[in-house]
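> Return atomic coordinates for the entry below.
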Amino acid sequence: MWRGGLGESMDFATSTHRRRWLYTRSKLEEERRRLQQAVVDGLRRQRAAADPREPEACSATKRPRVFDVRLSPPPCADAPAPTPPTLPNAHTRLRAHFFLPEEPQPVSPVGELLMLKYYQQIIQEKCREMRMPMKVMATAIQYHKRFFLRHTSMEFDPGRVMITAIFMATKVEERYTRAADIAAAFDVSEDLVVKQEVALLEGLNFDLVVHSPYRALHGMVQELKDARLAAAAGIPPAVASAASGISLPPLDDALLSAPSQLVDDACRGANGALDALMLSDAPLLYGPAQLAAAALRSGFKAKGVRIPNFIARLAIKAASFGSADGGGTDGRSPSGGYVGEATEAPVEPATALTTALDELDSLGSEGARRVEVEEVKEANAAARQWRNLLKDAGTAAGPAVAGRGAGGAADDAARAAKREAKKAARAAAKAKEAELLGMPQRQ
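Modelled structure (predicted):
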């Protein structure tokens, strides 16, 4: 329930969202570097298990090793050299088994972020196309972001995870949409929609509750409109809370004199600013109500209306309520400032919040820049190459090693055969149905 200020809901302070999924910039970068290194190390372990002669700690530019096994003894010294025979299939397979392709460079951090952003853009577009509520879209994007803080695109295809994230968000946010309908929207099989569901749940650590910044923005907009009505009626600003007795600053003159249509347009613009923030790292760095405050300020700024007093109201109310919105393990204070730093005096809540909103404006500018498909082709190809390498290395090393090192990137032969059997059964069922209905089969 909305309670004013920067607190989105009464339980955000104790939520897994706050405790586990908010980072500082340095922690975020460190986690992404660690994930990539873990994948590289995993591939090297798999190669070492597949071929004991393969060094585990190999160089990123290691040359391929080919072992040529002669199938016949060398000729006598005085005999003419025979024409080399064509290698039989067994020899070819032997050479292929011991051919270890060069280990490619990991996907660049910039390329990976652009690729993930590209798929999160598609989440926004598809959710709107399917007329899903904002909370479904926000949750699906958060699931996608969180999953790729536990895995990388070198292990899991972000496009497939994207589809499953939407499906799971519809269930969690009580807007259930059938897997068949989502499959039709993406023109994929229904199996692909649900295939990554277990992996996604595990990657999220089963933390499925997401506090939506769109809900917080809706509450702030309503609070702003109520404050305008109260000011027009001559009602003085209330105190921040009964316990604190701190009076709230008066509403901004520009906000009081703004026509209703301009206020409505600014609030709609705030939704667009929030869309841009969702495509940046902002949801992993700041709480949902801070995102909402930044979006609201941005929406009014685009209309030439400054609202510093209203922002100060939000900060003061948050401080008086003891809101913990804004930080998980990074030590941020309720209004967005940092606590525990080398400062002689605590930062005034409105100043701290304004500083945080300025940082969010920068993130919003990054999120607003659209990523085109041409920009992510190279990163996508590199990530696919790594997934294939992990699959091949896991198959060569055996099921136990594959399950330990490949991060679920590949299916083993038994699962592949099972999928093929299901496909054949479905095809047979469709053929029987077409026969019963007297319909020609589509080729």
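> Pick out the residue closest to the middle of the chain.
Central residue of the chain (C-alpha atoms, centre = their mean): Lys145, 1.7 Å from the mean position.
> Please name the residues that touch it.
Lys145 makes contact with 116, 120, 283-284, according to C-beta atoms under 8 Å, 6 or more residues apart in numbering. The C-beta positions use only the backbone N, C-alpha and C, and glycine is treated the same way.
> If you count neighbours, what's buried in the helix or strand where Gly364 lies?
Taking DSSP states H and E as the definition, one finds Gly364 inside helix 349-368. For helix 349-368, a neighbour-count test (16 or more other C-beta atoms under 10 Å) marks 349-350, 352-354, 356-357, 359-361, 363-364, 367 as buried.
> what's the spacing between the residue nearest to the centre of the chain and Leu113?
The span separating Lys145 from Leu113 equals 10 Å under the rule C-beta to C-beta, to the nearest Å.
> same thing with Leu200?
Distance from Leu200 to Leu113, counting by C-beta to C-beta: 20 Å.
> got it, and Val161?
Distance from Val161 to Leu113, by C-beta to C-beta: 15 Å.
> Neighbour count for those two, which is higher?
Val161 (22 against 19; other C-beta atoms under 10 Å).
> Help me confirm that the more buried one comes into contact with Ala140.
No: if you go by C-beta atoms under 8 Å, Val161 and Ala140 don't touch, sitting 10.2 Å apart.
> Which element, helix or strand, includes the nearest residue to Asp275 once chain neighbours are set aside?
Distance criterion C-beta to C-beta, 6 or more residues apart in numbering; nearest residue to Asp275, sequence neighbours excluded, is Gln124 at 6.3 Å. Gln124 belongs to helix 109-129 when assigned by DSSP H and E.
> Next: Arg160.
Using DSSP H and E, Arg160 falls in helix 158-172.
> buried ones in the helix or strand hosting Ala38?
Take DSSP H and E as the rule and Ala38 turns out to sit in helix 25-50. By 16+ other C-beta under 10 Å, the buried positions in helix 25-50 come out as 28, 32, 35-36, 38-40, 42-50.
> and that helix, what does it pack onto?
helix 109-129, helix 282-285, helix 373-397, helix 399-405 (3 or more C-beta pairs under 8 Å, 6 or more residues apart in numbering; DSSP states H and E).
> Just name the most buried of those helices.
A comparison of those by mean neighbour count, using mean count of other C-beta atoms under 10 Å, puts helix 282-285 on top with a mean of 23.
> Determine the number of other residues adjacent to Met168.
22.
> meant to ask about Arg370
Neighbours of Arg370 under the rule other C-beta under 10 Å: 11.
> pretty sure it is touching Ile122, no?
No: the criterion here is C-beta under 8 Å, and Arg370 misses it with Ile122 at 11.5 Å.
> now the angle between helix 109-129 and the helix holding Ala38, please.
Calculated by axes from the mean of the first three to the mean of the last three C-alpha atoms, to 10 degrees, helix 25-50 forms an angle of 100 degrees with helix 109-129.
> right, so of the helices and strands packed on helix 25-50, which gets closest to Glu174?
helix 109-129 (15.0 Å; C-beta to C-beta).
> Convert the C-alpha atoms of that closest one to CSV, please.
Only the C-alpha atoms of helix 109-129 are listed here, as CSV (Å, rounded to 0.1, in the frame of the first residue of the first chain):
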residue,chain,number,x,y,z
PRO,A,109,31.1,-6.3,-21.2
VAL,A,110,29.8,-3.5,-23.4
GLY,A,111,28.5,-5.9,-26.0
GLU,A,112,26.8,-8.1,-23.4
LEU,A,113,25.0,-5.1,-21.8
LEU,A,114,23.8,-3.9,-25.3
MET,A,115,22.6,-7.3,-26.1
LEU,A,116,20.6,-7.6,-22.9
LYS,A,117,19.2,-4.1,-23.3
TYR,A,118,18.1,-5.1,-26.9
TYR,A,119,16.0,-8.0,-25.5
GLN,A,120,14.6,-5.9,-22.7
GLN,A,121,13.4,-3.4,-25.4
ILE,A,122,11.6,-6.3,-27.0
ILE,A,123,10.0,-7.2,-23.6
GLN,A,124,8.5,-3.6,-23.5
GLU,A,125,7.3,-3.8,-27.0
LYS,A,126,5.7,-7.2,-26.8
CYS,A,127,4.0,-6.5,-23.4
ARG,A,128,2.4,-3.4,-24.9
GLU,A,129,1.5,-5.3,-28.1
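> helices or strands next to it in the packing?
With contacts taken as 3+ C-beta pairs under 8 Å, 6+ apart, helix 109-129 sits against helix 25-50, helix 134-147, helix 158-172, helix 179-186, helix 260-278, helix 373-397.
> ok, Leu285 touching Thr24?
Yes: the criterion here is C-beta under 8 Å, and Leu285 meets it with Thr24 at 7.3 Å.
> which intervals of the stretch 51-200 of the chain have sub-threshold pLDDT?
For the stretch 51-200 of the chain, residues meeting the criterion pLDDT under 70 lie at 51-101.
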